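Q: Just a sequence and a predicted model for now, questions to come.
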Amino acid sequence: MNKVVFGVIVAMASAIICFAGDKNGSTYNKPPEHLSLNEFLPIWFSSQEKIKYNRNLVKVKQDDTFCFFSLSWLPERPAYKVRTGDLNKIDIDHLDVFAIHAQFQEQVVPAEDKKRARGNGCTGGSVGGGYDYRYIEDKNAMEINYRLKANCDFIIRLINKSYTAEYSFETGEFIKTDEHEIRKKK
């Protein structure tokens, strides 16, 4: 008897959670948002940075006109649609964001900065950073901006730099464009 009551409670809770988002036209009821390649690629790259079951975008359907993408945990409700002809400029099915990041770290970020970021003798430090993306249509390239921050207990700002490079989708290579210190805001 206890198992039946427990099962009914779980089923009701699941139904409430599933349908609670459908009130007042939430995102579950909205049609997929039509994005240009310029708008879509930065979102897709960001979603692929880390394996997160509920945040990664996956291709769920493609026809002659549009390609539909959805969050991996909700494939039956596409969130975005992009023109198939635009996506043909880039082989998105074979892009590996992890490999592109590794290539960026290898070719663009100087070895001495990576070594300093690990903080020789730094016992309580933190190393972090983040990537920002911008698609450059006329070059068919992704501009990637990486911010490297390294803090240490006894040195407040060990590294606070930004590196920018363009990744060519045609050649698979980087062109380094910028490196600069990030100044503190006053």
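A: On my side now, so go ahead.

Q: And the helices in the chain?
A: Using DSSP state H, the helices of the chain run over 2-20, 37-48, 84-87, 97-107, 111-117.

Q: What are the buried residues along the third one?
A: Think helix 84-87. Neighbour counts over helix 84-87 (16 or more other CB atoms under 10 Å) mark 86-87 as buried. Yep, even glycine has a C-beta here, placed from its N, CA and C like the rest.

Q: what sits up against it?
A: 36-37, 62-67 (CB atoms under 8 Å, 6 or more residues apart in numbering).

Q: so what are the domain limits for this structure?
A: According to automatic domain parsing, the chain comprises the domains 2-89, 97-181.

Q: Least reliable of these by average pLDDT, please.
A: Among these, domain 2-89 carries the lowest mean pLDDT, a mean of 73.

Q: which residue ranges form the strands in the chain?
A: Listed in chain order, the strands of the chain (DSSP state E) span 33-34, 57-62, 66-71, 80-83, 126-136, 141-151, 159-168, 174-181.

Q: List the strands paired with the fourth one, with their directions.
A: It refers to strand 80-83. strand 33-34 (parallel), strand 66-71 (antiparallel) (DSSP bridges).

Q: Go ahead and name everything in contact with the shortest one.
A: Taking contacts as CB under 8 Å, 6+ apart, the residues outside strand 33-34 that touch it are 66, 79-82.

Q: repeat that with 10 Å
A: Strand 33-34 is touched from outside by 27, 39-40, 43, 66, 69, 78-83, with contacts defined as CB atoms under 10 Å, 6 or more residues apart in numbering.

Q: returning to that earlier point: any chance of the strands paired with strand 80-83 in TSV, with mean neighbour count too?
A: TSV is the format used below for these (neighbours: other CB atoms under 10 Å):
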stretch	mean neighbour count
strand 33-34	14
strand 66-71	21
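
Q: possible to save these as JSON lines with distance to Phe104?
A: Below are the strands paired with strand 80-83 laid out as JSON lines (distance: least, CB to CB, whole Å):
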{"stretch": "strand 33-34", "distance to Phe104": "28"}
{"stretch": "strand 66-71", "distance to Phe104": "24"}
